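Undergrad: following is a predicted model, sequence given first.
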Amino acid sequence: MIKVVKFGGSSLASAEQFRKVGDIVRADAKRRYVIPSAPGKRHKNDTKVTDMLYECYALAEADEDIKPMLRKIRARYNDIINGLKLRYNLDDEFKVIEQKFLEKAGSDYAASRGEYLNGLLMASYLGIEFIDAAEVIRFDRDGNFDVDTTNNILKQRLKKTERAVIPGFYGAKPDGSIQTFSRGGSDITGSIVAKACRADLYENWTDVSGFLITDPRIIKNPKGIKVITYKELRELSYMGATVLHEDAIFPVRKEGIPINIKNTNAPEDPGTFIVESTCQKPEFTITGIAGKKGFVAVNIEKDMMNSEIGFGRKVLAAFEENEISFEHTPSGIDTFTVFVHQEEFEGKEQSVLSAIHRLAEPDSIELEADLALVAVVGRGMKSTRGTAGRIFSALAHANVNVKMIDQGSSELNVIIGVSNEDFETAIQAIYDIFVITQL
Ligand code: ASP
């Protein structure tokens with residue numbers, strides 16, 4: 001059995017955190033491949049090493065003195081080295097890094113050094129081999145991740161290597177230059193490694209015990225989610241629940257490898273399992289509630305709209321022309337509504353309205369701003385009668401006016417439009433009815 005373990009920045013921010021990680025890795029011999037992030041924040045107002053590196057590289061690009069900033073970055077690693085009493089000297093590494101910064105090796109190269117150096121320290125601390133991600137994670141010439149080349153190289157390399165540390169977040173292009181994934185991309189590296197070695201489990205260690213049913217900034221101490229499917233996760237993360245990089249799902253999902261989100265600071269907590277599918281009954285009818293504020297409803301009316309073929313297409317073309325993506329399109333007999341992000345829409349509203357008039361010739365258009373969308377997600381909804389009834393009676397009791405309802409055909413989610421000011425009340429009401437009273 002093989003487990004791939006990825007540790008996030010806060011799990012590796014200090015010597016103390018490194019020690020916890022060491023204990024976790026040593027506690028289970030199946031944890032064979034370790035993917036570290038760069039050191040993250042040690043406290044709320046701290047700066048991530050990745051951000052320091054970007055800042056430092058910006059100085060290099062502006063031909064300013066980079067030495068003081070490099071010293072600060074180095075101090076972060078020295079603290080870890082000294083705290084762990086490691087015999088490790090980064091003199092030579094920092095000489096190369098300084099040189100490359102001066103040669104303007106690119107901001108991707110700069111940012112990647114956070115993971116690279118942390119990987120060196122982690123390998124030394126654990127006493128296992130270090131594999132540079134530039135050797136095994138490959139991008140093509142245009143900077144797109146090269147799935148097949150990576151998988152072939154990595155598979156062969158890991159066959160020969162019983163245990164290793166592979167830094168997250170970056171890889172190399174065919175010419176050897178360094179390329180990173182988008183921010184938070186060490187999650188993706190972990191997933192790619194799990195796929196290549198056909199791991200039984202991909203453990204993603206962070207500073208929370210998995211996903212919570214809803215946002216703790218809205219509901220105090222919400223319960224955790226024990227098991228969630230990839231599809232449910234996608235719905236919730238789209239609506240703002242973030243713990244894992246979205247692209248981290250694809251490599252393991254295809255292989256049927258589950259992901260377990262775990263807490264480095266509470267390793268005994270079971271965390272959340274993310275699986276392709278499960279017949280385990282969910283604890284509650286709903287798996288999670290997420291949402292976002294800041295939408296506009298563009299309400300379009302036209303008599304006999306229902307018999308006009310192509311009306312929806314013409315309306316949506318007006319949004320496409322203005323490069324605005326739409327979220328939902330609930331419709332009635334003579335009405336058609338398009339939900340869009342307020343921020344995206346505001347600067348272009350008049351141009352969209354005139355395009356709708358030109359293309360679809362409606363009778364009238366009305367705008368309603370400051371709306372929020374709440375997504376109630378759960379595989380359990382499909383087999384439970386009355387879920388929608390419970391949601392809406394809870395909202396009615398809480399005095400929330402429902403402006404839009406959209407149930408996906410998968411019956412995996414119900415999306416509800418409310419005004420921004422009712423957003424928190426709506427989430428509270430839905431949480432209470434399903435999780436607290438469990439009616
Ligand atoms: N260190 C990188 C970042 O801060 C990547 C990661 O942590 O996953 O985005």
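TA: Sure, I can see it. Since we're looking at a predicted model, the values are computed, not measured.

Undergrad: give the contact list for the residue of the stretch 251-400 of the chain found nearest the ligand.
TA: Of the residues in the stretch 251-400 of the chain, the one nearest the ligand is residue 264, at a distance of 13.6 Å by Cβ to the nearest ligand atom. Quick note: C-beta positions are derived from backbone N, CA and C, even for glycine. Contacts for residue 264 (Cβ atoms under 8 Å, 6 or more residues apart in numbering) come out as 7-8, 10-11, 17, 20-21, 24, 205-207.

Undergrad: one more time with 7 Å
TA: Residue 264 is in contact with 7, 11, 17, 20-21, 24, 205-207, counting by Cβ atoms under 7 Å, 6 or more residues apart in numbering.

Undergrad: let's see which of those residues end up in strands.
TA: Here DSSP state E is the test, and the contacts of residue 264 give 7, 205-206 as lying in strands.

Undergrad: out of these, grab the one that's most surrounded.
TA: Among the ones in strands among the contacts of residue 264, residue 7 has the most neighbours (other Cβ atoms under 10 Å), with 29 neighbours.

Undergrad: what's opposite that one in the beta bridge?
TA: In this structure, residue 7 bridges to residue 36, residue 205 when assessed by DSSP bridges.

Undergrad: distance of it relative to residue 196?
TA: According to Cβ to Cβ, to the nearest Å, residue 7 stands 19 Å off from residue 196.

Undergrad: cool, residue 2 as well?
TA: Noted for residue 2: a distance of 10 Å to residue 196, by Cβ to Cβ.

Undergrad: compare those two and say which is more crowded by neighbours.
TA: Using other Cβ under 10 Å as the criterion, residue 2 and residue 196 rank with residue 196 on top: 24 against 17.

Undergrad: spatially nearest residue to the more buried one (excluding sequence neighbours)?
TA: In space, and not counting its chain neighbours, residue 196 is closest to residue 154: 3.8 Å by Cβ to Cβ, 6 or more residues apart in numbering.

Undergrad: pretty sure the one you found contacts residue 136?
TA: Yes - counting by Cβ atoms under 7 Å, residue 154 touches residue 136, with 4.6 Å between them.

Undergrad: next, count neighbours for residue 256.
TA: The number of residues packed near residue 256 is 10, by other Cβ under 10 Å.

Undergrad: hang on, isn't it packed against residue 275?
TA: No - Residue 256 lies out of contact with residue 275 (Cβ under 7 Å); the separation is 8.5 Å.

Undergrad: output the contacting helices and strands for the helix or strand containing residue 92.
TA: Taking DSSP states H and E as the definition, one finds residue 92 inside helix 91-102. Helix 91-102 sits against helix 49-61, helix 67-84, helix 107-126, with contacts defined as 3 or more Cβ pairs under 7 Å, 6 or more residues apart in numbering; DSSP states H and E.

Undergrad: pick the most deeply packed of those.
TA: Neighbour counts (mean count of other Cβ atoms under 10 Å) averaged over each of the helices and strands packed on helix 91-102 peak at helix 107-126, with a mean of 24.

Undergrad: that one vs the ligand: in contact?
TA: Yes - residues of helix 107-126 contacting the ligand under Cβ under 6 Å from any ligand atom: residue 114.
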